[in-house]
Structures are given as C-alpha cells and as structure tokens.
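Engineer: missing the sequence, but the structure's below:
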C-alpha cells in the first residue's frame, strides 16, 4: 500500500463532529510511513502510546520520526542557555517522561525508538523579542513511493491533543493537483528549523546525552515487548467501543446471551454476520474478564477481511494477529499472545486464523497448555466447512463462548456433520434468511438489506451420450439403494458422478456464447462466472474471443504472495482491479463461494451448478449485497434438460435449485410460467 490507497480529507477537526483523529488520519498514515517530520509546540511520550499501531508500522517500514519541540523553559533556564549556548544536563526539560525505576509504557516506547535510532529529537528555544514559546504545529509524512502528506493546524504531539482536545488541521497531499506548493512550505519550514537556518528567531539544540541515556535505560528488550503500546491502545479503544446494531443483529446478540453465550447464527450473506459477532464480543468484554477471541475462517483471504472489518469498525483490542500458514512464526507468536494474556499484561487478544490452522494439533496443544485462566470466544465463520473428518477437532470443548456463522450451516450428504455443528453451538440458532433481508428495510438507507434480483433460467439440452450416461448412473444409484447392505459411500460417489455430468455438460459453452452475444460484450460488467475446474480454461478462451477483460480466482491465485510494490497479494490485486472496473468478469470455482466481500458484483452466471443449497445460496449472496448506485442484480442459471426435451427427469432434478432461487426473485411468476411450459411445476419443490 501507499498513501494514495488511503482516504485523506482536506481538513480534520474534533468538537461537534467528534472525529477520531487517531483512527481516521494519524494511525493509518503512520502505518504506511517511512519518515515523519514533526514540529510540535508541546510533546508528550503518551502520544507514542496512543498512536502505537502506527508507530509500529513506522518501525517495520524502517522509518524514523524527527521531532522538533519546545522545552517550555523558565526565565532562569533561558538565561543559562543565552549565556552558555547549551542546555545544562540537569535541566528538567522532559518532566513529562517520568523516569522511574519501573517506567510506564509511554516511556518504554520513547526509550526503544531513541535507542534504535528511529526517533531524533531537537529542542527549539525562541529568542527574546520573537516568540516566548515555540508554537509551530506541522507534520510531514513520506512513504516508500515518495508520496508526501503534510498537515498544519492547532494540534500538538500529545495524547491529550490527539484524543480529547478540540483541534483542527489542514492536510495537503503531493499527488493532488494544486496542493504541492502548500506541502513544500510545510516541508521547508521543518528543514529550516532542523538545520538551524532560522537562527535569527530561534536556537536549536540536540537532546542532552545525559537525559537521553537516562531515558534509553528504560528501553524494552525488543519490538515484541514494545507491544505494551498496543495493549494501551487496545484497552482505550475497547473501552470506548459503542457499536450500533440493526434490530435483527441486536436480537441475535440477545439470543446468544440467553443461550449461555453459544449460538448458531444462520444469517444471509450481506446481512451483517461479522458485525453481529463483534457485537457479541463487545457484550462479553463488559464483564471485564480476560478474553481470547479466535476468529476461524475457511481461507486466509477471509481472515484478512475480518481483520480489516475490525479496523473499519474501530475495534482494535490489546493484540490482534494473523495465525496461520502464511505466518512462518505463528506457533511462537501464538504462544506469546497466550503468555501475555495469562500473566495479565493485557486483557484481550484477537486471533485471526483458518479452519485448517484451528484444527492443527500444535494449535490445540498451545491452547491446552497455555490457556490457564483465560476465557476463549470461538467465532467460526462459514461454520458448515469445519465439520469435516480432519477439521472437526477445531470445535474444541475448551472454548467457553461460541458463535457459528453461516447462511447455510447444514452439510450436504453429511447428517452427522450437520448434527455435530448444531450440538456444539448449543442446539439453538438465530435465523435471518434471504427472504427476511429482501423484505426488511434498512433504516439507514431506506432500502432492503439485500438487493432485489431477477432470476433468468437458461434451458440447455444435454448431449445424447451425456444423457445416456446420466440415466446409467441413476439406475446404479437405485440398485445400490435397494440393497439391504447398501454402501452409502458408493451411493455418494455415484451421486457426485451424476451431478458432474450436468455441471460439465458440453452444450453450456455454446449457451455462454449466446448469453454474451445477447447481453453485449461491452455491456457486461460487475459479473461473476461460476465454473467447474474442467470448464475454466475453455471459458477463459471464450471470453478472450469476445474481448471481455477477465481473471480467474482459484486456489492457484495466492492470498499471501505479494505481487505489487504496494504490498498487495495476487488475489487482492485481482479483486481490486475488478472493483475498479479494470476487469469486467471474475471466474471462480470455489474461492468466491464463501464470504469474500465484493459489493459491486451485480451479475452471477451459474454455469457449473448443482442441487447443494449451500453452494447456490452462497453464490447468489455474492451479487445481492447492497452497494451505492447498484441497480437490481441479475442471476443467469444454466438449467439442464434432456435432449430435445424428451422427458422431465433431469429438469425435475434441476427444479429443486430453481424453485428456491425463484422464490425470492422479483420475476418469480415469470419463472414459474417458463417451467410450466417445460412440464414442471416449481410449486412442487418449495
């Protein structure tokens, strides 16, 4: 990332607007900075603590903070400086630093930065007849791409200023037209003072070595120990978090509490499952007990999305970290988190992980060994995916509080797994379905929580040999089911093979070409095409022939491999290009089925589809999220029929999916008429 990826306003102020200067400006800019020049009339080491997340980003970027401050000297101090041209070693210039045997967190942060050379401090003493105090307040940030941001106004470099004072300042960005001259004035002002070029109005002194040594003596052992700053920031934000919830979300939180802090939440995609789970967490934090929050998702991309959602909502607790295979040190990092919790160094931590890592033997061992008196809230997103034979151990009985999230928690062909999930989360659930969301008005927008959609089935004939194979599989399934000692695994295998015939039918390629020609290649945008692995290459070739800009999102497109100078992963770049309309269409097999948030997606083409409700409900959920300026969504579904429409056997099989999708569509009556013409009544499949 760079400064240009941030949302930067022209001006910031507190007071009536109650703007959070730290979260909206200071911390995100610091996180991307490699250098920070600051002129502050007053400085307090507490400023380093409240800006901890940003300061740590500055350190990791190899950055340095250059600070010009006023010492607020007495008349006697000024006389001594005037006479001797230096600052006396015993002068109590940094009285706010409180150098004690057990230094506070603020001082540790200051000491660490000074010791590693990441903080340079000079003291500006105004000359008589000019300024009684040094009151300039300017900051200039630099990122790795040579972008610059400056701000100037009333704000000092203290916790009081960033958190509580009524402050305002203007902001200038080097890449924005007409702002460079103002920025350069701020930069020139700092450099002139730093280099002593304004000697006619002020003298500039390095921080006395004796004072520096006294401060550095308090430094922590390493950056890991410096997370003390994060603990301060986390406690502050957690204590002031006041997350607003919609009525259905508040009802879910209430039911979670009533069900002894364990609940399965069956909520349609786009109705705020993440926000609801965070609401539950904040409710539990009010009990002031030591709490570890584990957020487990099917893939790392979703874990990062959860982390970003926490940040967007202003939820930053004690310590938060990604713990999965993308972090080579996850085991030691996880142990550090639990150690710090158990010893009371901070009270809350959030772990973002994957189902795979949450079921890892080492992960569970660390929990068992280091948990001690720490309570654990386990939030399992897309919970239906975790009840496999290998990952079900992630449903750890040691977790006191539990939240299971999914639009479709039941597992296809796995009654045991479905029952396991429901039992683990307290044999109770809260439901807010697609139908509920389409018929409930969001009071903030005046629109339903989900986007209204049209459903357009496209009937596609099976080829003769495919139809013959389909009937053969159907006969074998019937024979196996009729046996007294029937083989359930063999039946499931045959069902999958039969479903694959419909999913990969050869006629679908011509149907896709016809649909593109009907819609017009240039008119296609914000579209998701769901295909099978076998269909991917042919579809990519076909779209290229039509001149459609496209990309595929599969397991091969890495969620951790960095491919841009801004630090974007391969998958992040693809999704960003799609959101910016540099790509018309994304092709996906499974990766976009679960949870990934792409609000601008409006059109879904279900080319590879089946009768598993979880699959098609998740896919519909990708395109019916509300977004500003988004017209009604469109869903095109390839419906297989027998050759020449000779019978309704296959269509009856496909109708199970169509009936459920059509039930919530605004053109439901039209769809029912289409099926009636083909000899199938969708009402029979409701």
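Structural biologist: Looks like it arrived, so ask away. These numbers were taken from a predicted model, which means no experiment stands behind them.
Engineer: which other residues reach the helix or strand that contains residue 294?
Structural biologist: Here residue 294, judged by DSSP states H and E, is contained in strand 291-297. Identification of contacts with strand 291-297 by C-beta atoms under 8 Å, 6 or more residues apart in numbering yields 277, 281, 284-285, 303, 305-306, 317, 337-338, 341, 347-355, 357-358, 371, 374-382, 386, 394, 399, 595. Every residue, glycine included, has its C-beta placed from N, CA and C.
Engineer: just the buried ones from those, in PyMOL syntax?
Structural biologist: Applying 16 or more other C-beta atoms under 10 Å to those leaves a buried subset, and the PyMOL line that selects it is:
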select buried, resi 277+281+284+285+303+305+306+317+337+338+341+347+348+349+350+351+352+353+354+355+357+358+371+374+375+376+377+378+379+380+381+382+386+394+399+595
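Engineer: what angle separates the helix or strand just after the strand holding residue 294 from strand 291-297?
Structural biologist: Note on strand 291-297: by DSSP H and E, the next helix or strand toward the C-terminus is helix 300-312. With axes from the mean of the first three to the mean of the last three C-alpha atoms, to 10 degrees applied, the angle from helix 300-312 to strand 291-297 works out at 140 degrees.
Engineer: pull out the buried positions in helix 300-312.
Structural biologist: Buried-residue list, helix 300-312, by 16+ other C-beta under 10 Å: 300-307, 309-310.
Engineer: in the stretch 251-400 of the chain, where is pLDDT below threshold?
Structural biologist: Applying pLDDT under 70 to the stretch 251-400 of the chain flags residues 316-318, 343, 345.
Engineer: name the SS class of residue 640, please.
Structural biologist: Recorded secondary structure, residue 640: strand (DSSP: H, G, I helix; E, B strand; the rest coil).
Engineer: OK, contacts around it?
Structural biologist: Shown in contact with residue 640 (C-beta under 8 Å, 6+ apart): 460-462, 502, 505, 650-651, 654.
Engineer: for residue 626, state which of these is nearest.
Structural biologist: Taking C-beta to C-beta as the measure, residue 626 lies nearest residue 654 of the contacts of residue 640, at 29.0 Å.
Engineer: which strand or helix spans that closest one?
Structural biologist: Judged by DSSP H and E, residue 654 forms part of helix 649-663.
Engineer: check which helices and strands that helix sits against.
Structural biologist: Judged by 3 or more C-beta pairs under 8 Å, 6 or more residues apart in numbering; DSSP states H and E, helix 649-663 is in contact with strand 453-461, helix 464-482, helix 488-503, helix 613-623, strand 633-641, helix 668-677.
Engineer: and these: which comes nearest residue 204?
Structural biologist: Per C-beta to C-beta, nearest to residue 204 of the helices and strands packed on helix 649-663: helix 613-623, 58.1 Å.
Engineer: can you pull out the low-pLDDT segments for the stretch 1-150 of the chain?
Structural biologist: Residues of the stretch 1-150 of the chain that meet the criterion pLDDT under 70 lie in 14-20, 22, 41-57, 71-111, 128-136.
Engineer: that older thread, now the helix holding residue 654: how far from the chain's centre is it?
Structural biologist: From the chain centre to the centre of helix 649-663 is a distance of 35 Å (C-alpha atoms, centre = their mean, to the nearest Å).
Engineer: and it, what's buried?
Structural biologist: For helix 649-663, burial by neighbour count (16+ other C-beta under 10 Å) applies to 650-663.
Engineer: what's the angle between that helix and helix 668-677?
Structural biologist: Relative orientation of helix 649-663 versus helix 668-677 (the same axes, to 10 degrees): 170 degrees.
Engineer: how is the chain divided into domains?
Structural biologist: Structural domains annotated on the chain: 3-229, 241-438, 453-463+505-685, as defined by automatic domain parsing.
Engineer: wait, which of those is closest to residue 469?
Structural biologist: Shortest distance between residue 469 and the domains of the chain, using C-beta to C-beta, is found for domain 453-463+505-685: 9.1 Å.
Engineer: pLDDT value on the nearest residue to residue 652 once chain neighbours are set aside, please?
Structural biologist: In this structure, residue 652 finds its nearest non-sequential neighbour in residue 680, 5.8 Å apart by C-beta to C-beta, 6 or more residues apart in numbering. We have a pLDDT of 93 for residue 680.
Engineer: ok, residue 680 - how many residues close by?
Structural biologist: 21 (other C-beta atoms under 10 Å).
Engineer: what do you get for residue 554?
Structural biologist: 15.
Engineer: can you offset everything so residue one is 27?
Structural biologist: Sure, I'll start counting at 27 from here, so that last one is residue 580.
Engineer: ok, now how distant is it from residue 613?
Structural biologist: 8 Å (C-beta to C-beta, to the nearest Å).
Engineer: and for those two, which residues touch both?
Structural biologist: Counting by C-beta under 8 Å, 6+ apart, the shared contacts of residue 580 and residue 613 are residue 562.
Engineer: okay, now residue 312: neighbour count?
Structural biologist: Here the number of neighbours of residue 312 (other C-beta under 10 Å) works out to 9.
Engineer: next: residue 165.
Structural biologist: Residues contacting residue 165 under the criterion other C-beta under 10 Å number 25.
Engineer: ok, it - contacts?
Structural biologist: Residue 165 neighbours (C-beta under 8 Å, 6+ apart): 62-65, 176-178, 212.
Engineer: which intervals of the stretch 527-676 of the chain have sub-threshold pLDDT?
Structural biologist: Ranges of the stretch 527-676 of the chain meeting pLDDT under 70: 582-593, 617-622.
Engineer: all strands of it, in order?
Structural biologist: For the stretch 527-676 of the chain, the strands defined by DSSP state E, counting those that start in this stretch occupy 553-556, 576-579, 611-614, 629-632, 659-667.
Engineer: tell me which of those lies nearest to residue 513.
Structural biologist: Nearest to residue 513 among those is strand 659-667; the distance by C-beta to C-beta comes to 27.0 Å.
Engineer: return the set of buried residues in that closest one.
Structural biologist: In terms of neighbour count (16+ other C-beta under 10 Å), strand 659-667 has its buried residues at 659-667.
Engineer: about what we covered before: closest one to residue 524 among the domains of the chain?
Structural biologist: Residue 524 lies closest to domain 479-489+531-711 among the domains of the chain, at 8.9 Å (C-beta to C-beta).
Engineer: pull the distance from the closest one to the chain's centre.
Structural biologist: Taking C-alpha atoms, centre = their mean, the mean C-alpha location of domain 479-489+531-711 is offset from the chain mean by 25 Å.
Engineer: one step back: could the strands of the stretch 527-676 of the chain go into TSV alongside distance to residue 451?
Structural biologist: Formatted as TSV, the strands of the stretch 527-676 of the chain follow (distance: least, C-beta to C-beta, whole Å):
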stretch	distance to residue 451
strand 553-556	29
strand 576-579	30
strand 611-614	29
strand 629-632	30
strand 659-667	30
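Engineer: out of the ones you listed, which is closest to residue 482?
Structural biologist: With C-beta to C-beta, the closest approach to residue 482 among the strands of the stretch 527-676 of the chain belongs to strand 659-667: 5.0 Å.
Engineer: report the strands that pair with the closest one, each with its relative direction.
Structural biologist: If you go by DSSP bridges, strand 659-667 pairs up with strand 479-487 (parallel), strand 629-632 (parallel).
Engineer: distance check, the nearest residue to residue 411 once chain neighbours are set aside against residue 424.
Structural biologist: Of all residues not flanking residue 411 in the chain, residue 324 sits nearest, at 4.7 Å (C-beta to C-beta, 6+ apart). Per C-beta to C-beta, residue 324 is found 22 Å from residue 424.
Engineer: out of those two, which sits in the more crowded spot?
Structural biologist: It is residue 324, of residue 324 and residue 424, that has more neighbours when counted by other C-beta under 10 Å, with 23 against 10.
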